[in-house]
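Student: for reference, the sequence and a predicted model appear below.
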Amino acid sequence: MNMIVNLLLILIAYLSGSLASAIIVCRLMGLGDPRLDGSGNPGATNVLRLHGKKAGLLALLGDLLKGVLPVLLARYLDAPAVVIAMTAFAAFIGHLYPVFFNFKGGKGVATLFGVLFALNWLLGLLYALTWVTVAKLFRYSSLAGIVTAILTPVYTWLLMPHPAYTICNLMMSGLLLWRHQSNIRKLISGAESKVGTRD
């Protein structure tokens with residue numbers, strides 16, 4: 001029975017992550033599909049650039065919640081650490097490769113914050129503070145995500161040294177960096193868009 005519950009938690013997390021908030025918010029608000037304009041990324045930053053603060057904030061909130069809620073459910077049910085870590089990973093993977101949107105999702109910055117905050121509020125706080133600090137200093141959302149991803153495994157090792165959390169968070173950080181390949185190239189060439197500007 002416990003195995004079934006654990007598998008259901010992971011499945012629910014993936015399906016939750018697959019709810020592409022940016023696309024859903026834009027459809028409900030009658031706005032253009034973020035996959036067809038701007039950076040083409042179905043994420044909160046692109047929605048913010050294309051459609052303004054209200055839509056961007058709603059997309060961000062959705063991306064956060066779909067990471068937070070499955071992990072909190074797993075913790076509430078007192079699942080083993082390995083299952084909680086896998087639930088977090090599944091929610092993140094759902095955002096990157098959503099089953100409801102042809103497996104073409106966002107880059108995972110906000111959803112990663114959501115799962116980290118649900119795992120350990122201090123871990124989430126460090127993630128958020130790092131992102132905000134880098135974004136404020138350099139005004140590049142992508143750079144903030146990249147730097148934060150690099151530091152997240154370190155924060156995890158310090159705050160949650162259980163191997164399951166360290167490995168899963170390392171994998172999520174690695175995937176986030178991989179999803180930012182084009183941004184890294186643009187940053188190097190000076191072609192990356194800054195926060196507050198349109199592509």
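Tutor: Perfect, thanks for sending it. Just so you know, these numbers come straight off a predicted model, no measurement behind them.
Student: run the chain-centre distance for the longest helix along the chain.
Tutor: Counting by DSSP state H, the longest helix found in the chain is helix 53-76. Per C-alpha atoms, centre = their mean, to the nearest Å, the displacement of helix 53-76 from the mean C-alpha position of its chain is 9 Å.
Student: tell me what angle the helix or strand of the chain with the lowest mean pLDDT forms with helix 53-76.
Tutor: Least confident helix or strand, the chain: helix 44-51 with a mean of 89, by mean pLDDT, DSSP states H and E. Helix 44-51 runs at 160 degrees relative to helix 53-76, counting by axes from the mean of the first three to the mean of the last three C-alpha atoms, to 10 degrees.
Student: and helix 44-51, what does it pack onto?
Tutor: helix 21-28, helix 53-76 (3 or more C-beta pairs under 8 Å, 6 or more residues apart in numbering; DSSP states H and E). All C-beta atoms are positioned from the backbone trio N, CA, C, and that covers glycine.
Student: format those as a markdown table; extra columns: distance to Ala44.
Tutor: Below are the helices and strands packed on helix 44-51 laid out as a markdown table (distance: least, C-beta to C-beta, whole Å):
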| stretch | distance to Ala44 |
| --- | --- |
| helix 21-28 | 6 |
| helix 53-76 | 4 |
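Student: looking at those, which is closest to Phe101?
Tutor: helix 21-28 (6.2 Å; C-beta to C-beta).
Student: and the longest helix of the chain, what does it pack onto?
Tutor: Counting contacts by 3+ C-beta pairs under 8 Å, 6+ apart, helix 53-76 is packed against helix 2-17, helix 21-28, helix 44-51, helix 81-96, helix 109-119.
Student: in the second one, which residues are buried?
Tutor: Of the residues in helix 21-28, those with enough neighbours to count as buried (16 or more other C-beta atoms under 10 Å) are 21-26.
Student: between the residues you listed, which sits nearest Leu48?
Tutor: Distances from Leu48 to the buried residues of helix 21-28, taken by C-beta to C-beta, are shortest for Ala22, at 9.6 Å.
Student: and that closest one, how close does it get to Ile188?
Tutor: 26 Å (C-beta to C-beta, to the nearest Å).
Student: equivalent analysis for Leu137, please.
Tutor: From Leu137 to Ile188 the distance is 18 Å (C-beta to C-beta).
Student: circling back to that earlier point, kindly provide the whole-number mean pLDDT of the longest helix of the chain.
Tutor: Helix 53-76 shows a mean pLDDT of 96.
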